[in-house]
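A.B. asks: Sequence below, structure please.
(2 chains)
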2 protein chains.
Amino acid sequence: MLRRLSQRLLLHPEDLEPTRDDFEVIGAFNPGAVAVDGEVVLLVRVAERPAERRDGWTPLPRWDPGEKLSVDWVKSDGLDLRDPRGVVLPNGFSRLTSVSHIRVARSSDGLSIDEVSGPVFAPSTEWGEYGIEDARVTKTGGRYYITYATISRRGVSAALASTTDFVTFVRHGITFPPENKDMVLFPEQIRGDYVALHRPANSTFSPPQMWVARSKDLIDWGRHQHLAGGVYDWEGGRIGAGPPPIKTDEGWLELHHGSGRSGPGGTGVYAGGAMLLDLEDPGRVLRRSPQPILVPEVDYELEGFVGDVVFPTGVVETGDTLLVYYGAADTATAVVELSRREVLDALE
Amino acid sequence: MLRRLSQRLLLHPEDLEPTRDDFEVIGAFNPGAVAVDGEVVLLVRVAERPAERRDGWTPLPRWDPGEKLSVDWVKSDGLDLRDPRGVVLPNGFSRLTSVSHIRVARSSDGLSIDEVSGPVFAPSTEWGEYGIEDARVTKTGGRYYITYATISRRGVSAALASTTDFVTFVRHGITFPPENKDMVLFPEQIRGDYVALHRPANSTFSPPQMWVARSKDLIDWGRHQHLAGGVYDWEGGRIGAGPPPIKTDEGWLELHHGSGRSGPGGTGVYAGGAMLLDLEDPGRVLRRSPQPILVPEVDYELEGFVGDVVFPTGVVETGDTLLVYYGAADTATAVVELSRREVLDALE
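C.D. replies: So this is what the prediction gives:
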């Protein structure tokens, strides 16, 4: 891993008010990040769950269409409760124990939070009934495009929205059908195409891997290629895109997350790595990090709702310094400063 | 289920020569079908496996790029061999015990086979190393478009090819990334868009279901909508598109397959059903069959490589009669004649 020039915990669940008085915020993490007029705007995933406990019953929260946060109480008897993130119902399918929406946070220096708004980007359709998660934000063509995961009884899909002001949001629908997440948009068109990274689900034949797709209009996507699987142990179990790629003279610098093979019920350590993609053919990996560049090491990364997780989702450049925004332990939002030169030099 | 006006076994594995002398054909099934100049062209899935047996070893066939059929011999010790269709490797991922390619068969009367060609549409890229399966064929814009599943270490993807003569084929790449199959193309553009049905894999949150997507150019696809899940018991475990939809005055008539909930290791019965989709908005289901219209009942449907399976993949209209081509027991190709009027009348 690389030297951290600085590190800072930015947001913790206690910093935020729940959407409903009888809910509690358990996560403020996996933030999209973008520089806007000299400040940094973060799109933070806020995970909430009912605060009430009832013996023998499990509360399963749900966003109803129209941005109404509701709860289904189901008998705990018959549920598989081993994973804290979700339960398995008697029919074999899952529900999440918390639901997420996205809130906007602003930072004038990139290293501390000035303000967090109320819930501004919440699930409003049936596609988000189990929440929307892990926004990435890319400025292209004068708009800010937000790629995120939307979760419902139909599965986990990648979706697109856009905004000019982070107050009102236009929803552009589902871009990659289930199971797909970690869609990340390049900041400019390449050879006339918009380009995105995405991550199909694990298959009978392979663990989750990074793919690339192209589009003429951001709405219809195709020309899919496999981009990268986990080739090193630390990313061998699953691998997916992190923040939007950064253009450098040497190629597109993409930070990604990886986790090792996990045992039954385990989630494994999530670490951050990097790869360099060809400027003209971003489906081609030029170099990548044999070792992770960011691993869980401080308390808020080691312990939390799911410990041993760093999950980079935003990056802002200031000169040679990269401000890398990430989710820590599926609980908090943090930032580290890395040297872009040192990141590039770590790639082979 | 509906009255069968006629039924016929068309092709059995013994009717076909294997690609290599030391292989055996174990399936000739799930045929795409289209009327071409007064005859019916069938695109038959041909499944093959090595004929040789070696104690303690399992042969896993593979198509290498360049259309070369190869075999990996792996030690049986450590493999999960319970499913005849595939093995689970010690790393938890699967390999298939047979590999499929597509052959062209021709029928002048639609009810008997005149001729089966050699392997004309075989895997030629890394995407098809574990085979290509379950072609559907749709005539649109003067070309025959073939949608199929392509299987590799990257997963199961939907892909598109086209031909004018069923001799040479143009490959258009992957249309829906893993896990996705049962892509079926409508025969005409609707409100300026090409329209396809597809079937994302089962999710943590749902069983496999039918979706609809749209495209301007057949290459880039988007505007995804959930179309139909299994609402009746016989289709509650999984549901996917069958042949390309047929235009009727009342709507697009789509035959589909469904299976009930299956126990561990079981595959359940596969039956055929039907639904009627809105002519102008094919993402809208108008009516559907509460009961299957085709269930396994004759010997070649009840017994085979996977028994209790009828899997409709092609349909040709002659007046009010529908010639429905289907895979029987994951082994053979068969046809039944159904009355279109009776199919439509069975929908509620």
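A.B. asks: check which helix or strand covers A:A159.
C.D. replies: Assigned by DSSP states H and E, A:A159 belongs to strand A:155-163.
A.B. asks: partner strands of that strand, parallel or antiparallel?
C.D. replies: strand A:143-152 (antiparallel), strand A:170-176 (antiparallel) (DSSP bridges).
A.B. asks: Just grab the bridge partners of A:D193 for me.
C.D. replies: If you apply DSSP bridges, the partners that A:D193 bridges to are A:I190.
A.B. asks: how about CSV for the strands paired with strand A:155-163, with mean pLDDT added?
C.D. replies: Formatted as CSV, the strands paired with strand A:155-163 follow (pLDDT from 0 to 100):
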stretch, mean pLDDT
strand A:143-152, 98
strand A:170-176, 97
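A.B. asks: what's the most buried one of these?
C.D. replies: strand A:143-152 (a mean of 24; mean count of other C-beta atoms under 10 Å in any protein chain shown). C-beta here means a position set from N, CA and C on the backbone, and glycine is covered the same way.
A.B. asks: Return the residues of the stretch 201-348 of chain A in contact with chain B.
C.D. replies: Residues of the stretch 201-348 of chain A lying close to chain B by C-beta under 8 Å from any C-beta of the partner chain are A:201, A:203-207, A:209, A:211, A:213-216, A:219-226.
A.B. asks: if you set the cut-off to 10 Å instead, what comes out?
C.D. replies: Residues of the stretch 201-348 of chain A lying close to chain B (C-beta under 10 Å from any C-beta of the partner chain) are A:201-209, A:211-226, A:229, A:236, A:261, A:264.
A.B. asks: Over to the stretch 51-200 of chain A?
C.D. replies: A:86, A:88-89, A:91-96, A:126-127, A:129-130, A:151-160, A:172-180, A:193-194, A:198-200.
A.B. asks: again, only using 6 Å
C.D. replies: Counting by C-beta under 6 Å from any C-beta of the partner chain, the residues of the stretch 51-200 of chain A close to chain B are A:F93, A:S94, A:R153, A:R154, A:G155, A:I174, A:P177, A:P178, A:E179, A:P200.
A.B. asks: For burial, what's the neighbour tally of the first one?
C.D. replies: Spelled out, it's A:F93. By other C-beta atoms under 10 Å in any protein chain shown, 16 other residues sit near A:F93.
A.B. asks: One more: the second one?
C.D. replies: As a burial measure, A:S94 scores 20 neighbours (other C-beta under 10 Å).
A.B. asks: Please apply the same query to the last one.
C.D. replies: Neighbouring residues of A:P200 were enumerated by other C-beta under 10 Å; the total is 32.
A.B. asks: Who are the contact partners of it?
C.D. replies: Listed by C-beta atoms under 6 Å, 6 or more residues apart in numbering or on different chains, the contact set of A:P200 reads A:N180, B:P177, B:P178.
A.B. asks: Now tabulate those residues in TSV and tack on pLDDT, neighbour count and secondary structure.
C.D. replies: Compiled in TSV, these are given as follows (pLDDT from 0 to 100; neighbours: other C-beta atoms under 10 Å in any protein chain shown; DSSP: H, G, I helix; E, B strand; the rest coil):
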residue	pLDDT	neighbour count	secondary structure
A:N180	96	27	strand
B:P177	96	29	coil
B:P178	95	30	coil
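A.B. asks: and A:P187, how many residues sit next to it?
C.D. replies: 16.
A.B. asks: which residues sit against stretch A:324-338?
C.D. replies: By C-beta under 6 Å, 6+ apart, stretch A:324-338 touches A:2, A:4-12, A:27-31, A:33, A:44, A:300-301, A:303-307, A:309-312, A:314-315, A:321-323.
A.B. asks: Mind naming the longest strand for chain A?
C.D. replies: strand A:23-36 (DSSP state E).
A.B. asks: mean confidence for that strand?
C.D. replies: The average pLDDT within strand A:23-36 is 98.
A.B. asks: Adjacent strands (with direction) for it?
C.D. replies: Here, using DSSP bridges, strand A:23-36 pairs with strand A:39-50 (antiparallel).
A.B. asks: List of residues touching stretch A:225-242?
C.D. replies: A:182, A:184, A:197, A:199, A:207-212, A:255-262, A:268, A:271, A:283, A:285, A:290, A:292, A:312, B:154.
A.B. asks: What distance do you get for A:G27 to A:P13?
C.D. replies: Here A:G27 is placed at a distance of 6 Å from A:P13 (C-beta to C-beta, to the nearest Å).
A.B. asks: Can you list the neighbours in contact with the helix or strand of chain A with the lowest mean pLDDT?
C.D. replies: Using mean pLDDT, DSSP states H and E, the weakest-scoring helix or strand in chain A turns out to be strand A:115-121, at a mean of 83. The contact list for strand A:115-121 (C-beta under 6 Å, 6+ apart) reads A:T19, A:H101, A:I102, A:R103, A:V104, A:A105, A:R106, A:F169.
A.B. asks: What residues sit buried inside the helix ranked longest in chain A?
C.D. replies: Of all the segments assigned as helix in chain A under DSSP state H, the longest by residue count is helix A:340-345. For helix A:340-345, the neighbour count (16 or more other C-beta atoms under 10 Å in any protein chain shown) marks A:R340, A:V343, A:L344 as buried.
A.B. asks: could you say what helices and strands it packs with?
C.D. replies: If you count contacts as 3 or more C-beta pairs under 6 Å, 6 or more residues apart in numbering or on different chains; DSSP states H and E, helix A:340-345 packs onto no helix or strand.
A.B. asks: Brilliant, that's me finished.
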